[in-house]
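Engineer: Sequence first, predicted model second:
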2 protein chains.
Amino acid sequence: MKRPTLAVVAARAGVSKSSVSRVINGETTVAPEIRDVVMQAVRELGYVPNAAARNLVTRRTDAVAVVVSDPPKGVVSDDPLFSTVVRTVSRELEAVGRRVVLMLAESDESRARVERYVAGGHVDGVMLVALHGADPLPAALARMGLPVASFNRTAATDVPYVALDNAGGAELAVRHLLDRGRRRIATITGPLDLYESRERLEGYRATLRDTGRRSIVALGDFTRMSGAEAMRQLLEDDPDLDAVFAANDLMAIGALRTLHQAGRRVPDDVAVVGFDDIEAAAYTTPALTSVRSSMADQATATVRLLLALIKGGPRKPVIMPNDLVVRESS
Amino acid sequence: MKRPTLAVVAARAGVSKSSVSRVINGETTVAPEIRDVVMQAVRELGYVPNAAARNLVTRRTDAVAVVVSDPPKGVVSDDPLFSTVVRTVSRELEAVGRRVVLMLAESDESRARVERYVAGGHVDGVMLVALHGADPLPAALARMGLPVASFNRTAATDVPYVALDNAGGAELAVRHLLDRGRRRIATITGPLDLYESRERLEGYRATLRDTGRRSIVALGDFTRMSGAEAMRQLLEDDPDLDAVFAANDLMAIGALRTLHQAGRRVPDDVAVVGFDDIEAAAYTTPALTSVRSSMADQATATVRLLLALIKGGPRKPVIMPNDLVVRESS
DNA sequence: CACCCCTCAGGGAGCGCTCCCTCACCCTTC
DNA sequence: GAAGGGTGAGGGAGCGCTCCCTGAGGGGTG
């Protein structure tokens, strides 16, 4: 079952290859009757251009690599970030007619594979989701000269990114807890090699400092399990705490479980606020108050940034605002 | 910044293009010293083969399309299925050196795009996740003669698939509830155009029938919200029910919320069992009993099936077993 | 020693497409 | 009516690679 080529279509239509090519590529300098006869032949033969041949000569690929760089322990099998981001990005890119090549970079080996692939010129640009601060990949990709846009801020300062107002979001959360009359407000941080985590922590610290209160900090890594563990730690260290700000919802969910197991009532004994406002936040018991940051919007913004870069636009970061969604947990 | 070609490498190494090609492709009929000098040149020049040129002549693409066909309402932004499946599949395919082209089919337009793309011979095979029973895509793809493997059973009978023992899983859940002394056991179904849903419902019905009990059924669509809604319905229709089997965990989570809001204690008043054992199931309040079905294993099996098909293997379905994970909710 | 076979390197056609260049033709203008 | 310009079709080179074919050379055999 051999697919027809340009030449076959041309023969069928009784015109030259060049004309068929022009019609296929929507050039305007084609007489209507030629256009029609070519389209007719295309339809009859079910002709589809061979992309390999095309981009061999044009050097364009119309493809974008979406690279999710996440250490192996990030085996959060149902991490909502992955789902939301990949899905949104895919939708957005397909809408502008670009192919999405998904690549996971979970190890040195797969990172090398990504570099090789990108260096191979198989894509017009790279959208990067690098969830680990010490990740060498952003810098490596930036060095290749290909357009790269990152979903989050990375250590590679020359990679344009989209970011949230993390400190502002944390402040929103903490002020809300203070307004509710909470006095001993702890936090569970994300992995501190990530800007997101550091900024959220800094926002928390600064807000408490401004009101003359001390910080109570436990380290997490953005997973449910780490949230549960950190909450246990906090209860042990400071049994009198009356509120927790978790740097993401997944950890807040883990914290809720620990609090439940420890017999603390939420929000009566301990108020909980998360960050991200994922879908699941509305379905916890009690429903979770959270800083809304629309990962989908952030993902869309990143795609727009990348497309702009590919067109030769300026390499400047984008900052997204966020707000607070108050539910039962606080 | 032009990338070096085979010819350049050949010139540098002082050998023919053919020899370089042989080395690059790991053919064994090459003298070691030639191999070495070629590898040296490749390294020095940073040569990466041009995939377009290569697959123009070989007709292989080393790429696989992963098509997620999901109606627009499936905008479950953090659906764990998507995340788990896409991630696992990607990992598995990259391990065997294949590129993953991710495509969403959410509308007629995008479905047409997928068909056109696949027809264009850009991929060696298609892994399909078609979450809608009436989806015309599986049949359309099957018609193209390209290897297609589906993550779930579809209406297109000629598409090889991987499936769970859905009826068996449902029976496991219902028997467990009966063993716990529950007598009025309701179910929340998935969308009934899906085999999964129908089989789980049938397993539930058959088990109750065997023990002389009647079915209490509410319809859901696999989303949290539909689970919450269905649970409301059930409480209204049959206030005395003492157990619910939800056809997936997301709906079980929704049901938990409704039960909480309605003041029913779980499991004291109403026991709840879900299906899938997603990560979140362990973090609900109370933690959710669920039929474990490892979507990851199912995804892996589908990839294996697809790779086998590409190699010319037999087109036969694979059935996966499942078991029950008992937690606090039952 | 002659012959044959086998191994392995090089030459070159050709994959399907784009795009530059040429050229035919028609319309305009003097 | 001849010349010039503009429009649009066709010819063909060439993108970078693979793979078939040719042929050189070495070793084994009778």
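Structural biologist: The structure has been received and is ready for your questions. Residues are numbered from 1 along each chain as shown, chains lettered A, B, ... in the order given.

Engineer: Figure out how far stretch A:318-325 is from the centre of its chain.
Structural biologist: Centroid displacement of stretch A:318-325 relative to its chain, using C-alpha atoms, centre = their mean, to the nearest Å, is 15 Å.

Engineer: got the buried residues for that stretch?
Structural biologist: The neighbour-count check on stretch A:318-325 (16 or more other C-beta atoms under 10 Å in any protein chain shown) flags A:322, A:324, A:325 as buried. C-beta: built from backbone N, CA, C; applies to glycine.

Engineer: what's the closest of those to DNA strand D?
Structural biologist: The nearest member of the buried residues of stretch A:318-325 to DNA strand D, counting by C-beta to the nearest atom of the strand, is residue A:322 at 46.6 Å.

Engineer: how's chain A carved up into domains?
Structural biologist: Per automatic domain parsing, the structural domains of chain A span A:6-49, A:63-163+A:296-318, A:166-292.

Engineer: Span of the shortest one from start to end?
Structural biologist: This means domain A:6-49. Domain A:6-49 has its terminal residues 7 Å apart, counting by C-alpha to C-alpha, to the nearest Å.

Engineer: related to what we said a few turns ago, so which of the buried residues of stretch A:318-325 are in helices?
Structural biologist: The helices, defined by DSSP state H, take in nothing from the buried residues of stretch A:318-325.

Engineer: from the residues you listed, which single one is nearest DNA strand C?
Structural biologist: Using C-beta to the nearest atom of the strand, residue A:322 comes nearest to DNA strand C of the buried residues of stretch A:318-325, at 43.4 Å.

Engineer: Let me know whether that closest one touches residue A:170 as I believe.
Structural biologist: No - Residue A:322 is not in contact with residue A:170 according to C-beta atoms under 8 Å; the separation is 9.8 Å.

Engineer: any chance of the buried residues of stretch A:318-325 in a markdown table, plus distance to residue B:129 and pLDDT?
Structural biologist: Below are the buried residues of stretch A:318-325 laid out as a markdown table (distance: C-beta to C-beta, whole Å; pLDDT from 0 to 100):
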| residue | distance to residue B:129 | pLDDT |
| --- | --- | --- |
| A:322 | 32 | 92 |
| A:324 | 35 | 97 |
| A:325 | 31 | 97 |
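
Engineer: one step back: what do residue A:322 and residue A:170 both touch?
Structural biologist: residue A:291 (C-beta atoms under 8 Å, 6 or more residues apart in numbering or on different chains).

Engineer: The closest residue to residue A:163 other than its chain neighbours: what's it in contact with?
Structural biologist: Nearest residue to residue A:163, sequence neighbours excluded (C-beta to C-beta, 6 or more residues apart in numbering or on different chains): residue A:153, at 4.8 Å. Shown in contact with residue A:153 (C-beta under 8 Å, 6+ apart): A:161, A:163, A:195, A:196, A:317.

Engineer: Test my guess that residue A:87 contacts residue B:106.
Structural biologist: No - with contact defined as C-beta under 8 Å, residue A:87 does not count as touching residue B:106 (9.5 Å).

Engineer: Most tightly packed of the domains of chain A?
Structural biologist: Comparing these by mean neighbour count (mean count of other C-beta atoms under 10 Å in any protein chain shown), domain A:166-292 ranks first with a mean of 22.

Engineer: which residues in the stretch 1-150 of chain A form helices?
Structural biologist: With helices called from DSSP state H, counting those that start in this stretch, the stretch 1-150 of chain A shows them at A:6-13, A:17-24, A:32-45, A:51-58, A:80-95, A:108-119, A:137-142.

Engineer: Does chain B have contacts with the second one?
Structural biologist: Translated: helix A:17-24. No - Helix A:17-24 stays clear of chain B (C-beta under 8 Å from any C-beta of the partner chain), getting no nearer than 12.4 Å.

Engineer: so what secondary structure elements neighbour that helix?
Structural biologist: Helix A:17-24 sits against helix A:6-13, helix A:32-45, with contacts defined as 3 or more C-beta pairs under 8 Å, 6 or more residues apart in numbering or on different chains; DSSP states H and E.

Engineer: For DNA strand D, tell me whether the last one is touching it.
Structural biologist: Okay, so that is helix A:32-45. Yes - interface with DNA strand D: helix A:32-45 contributes residue A:34 (C-beta under 7 Å from any atom of the strand).

Engineer: Against residue A:29, how distant is residue A:11?
Structural biologist: From residue A:11 across to residue A:29, the span is 22 Å (C-beta to C-beta, to the nearest Å).

Engineer: do residue A:133 as well
Structural biologist: The gap separating residue A:133 from residue A:29 is 53 Å, by C-beta to C-beta.

Engineer: Quick check on the residue nearest to residue A:285 when sequence neighbours are not counted: phi, psi?
Structural biologist: In this structure, residue A:285 finds its nearest non-sequential neighbour in residue B:285, 4.2 Å apart by C-beta to C-beta, 6+ apart. Here is the backbone geometry of residue B:285 (degrees, to the nearest 10): phi -120, psi 110.

Engineer: Could you pull out the strands in chain A for me?
Structural biologist: Taking DSSP state E as the test, the strands found in chain A are A:63-69, A:99-105, A:125-130, A:148-150, A:162-164, A:185-189, A:216-219, A:243-246, A:271-276, A:289-292, A:318-320, A:323-325.

Engineer: could the ones you listed go into CSV alongside distance to DNA strand D?
Structural biologist: Converted to CSV, the strands of chain A look like this (distance: least, C-beta to the nearest atom of the strand, whole Å):
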stretch, distance to DNA strand D
strand A:63-69, 17
strand A:99-105, 19
strand A:125-130, 20
strand A:148-150, 23
strand A:162-164, 34
strand A:185-189, 47
strand A:216-219, 48
strand A:243-246, 50
strand A:271-276, 44
strand A:289-292, 48
strand A:318-320, 35
strand A:323-325, 51
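
Engineer: can I get those strands in JSON lines with distance to residue A:237?
Structural biologist: Below are these laid out as JSON lines (distance: least, C-beta to C-beta, whole Å):
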{"stretch": "strand A:63-69", "distance to residue A:237": "33"}
{"stretch": "strand A:99-105", "distance to residue A:237": "36"}
{"stretch": "strand A:125-130", "distance to residue A:237": "32"}
{"stretch": "strand A:148-150", "distance to residue A:237": "35"}
{"stretch": "strand A:162-164", "distance to residue A:237": "29"}
{"stretch": "strand A:185-189", "distance to residue A:237": "8"}
{"stretch": "strand A:216-219", "distance to residue A:237": "7"}
{"stretch": "strand A:243-246", "distance to residue A:237": "12"}
{"stretch": "strand A:271-276", "distance to residue A:237": "17"}
{"stretch": "strand A:289-292", "distance to residue A:237": "23"}
{"stretch": "strand A:318-320", "distance to residue A:237": "34"}
{"stretch": "strand A:323-325", "distance to residue A:237": "27"}
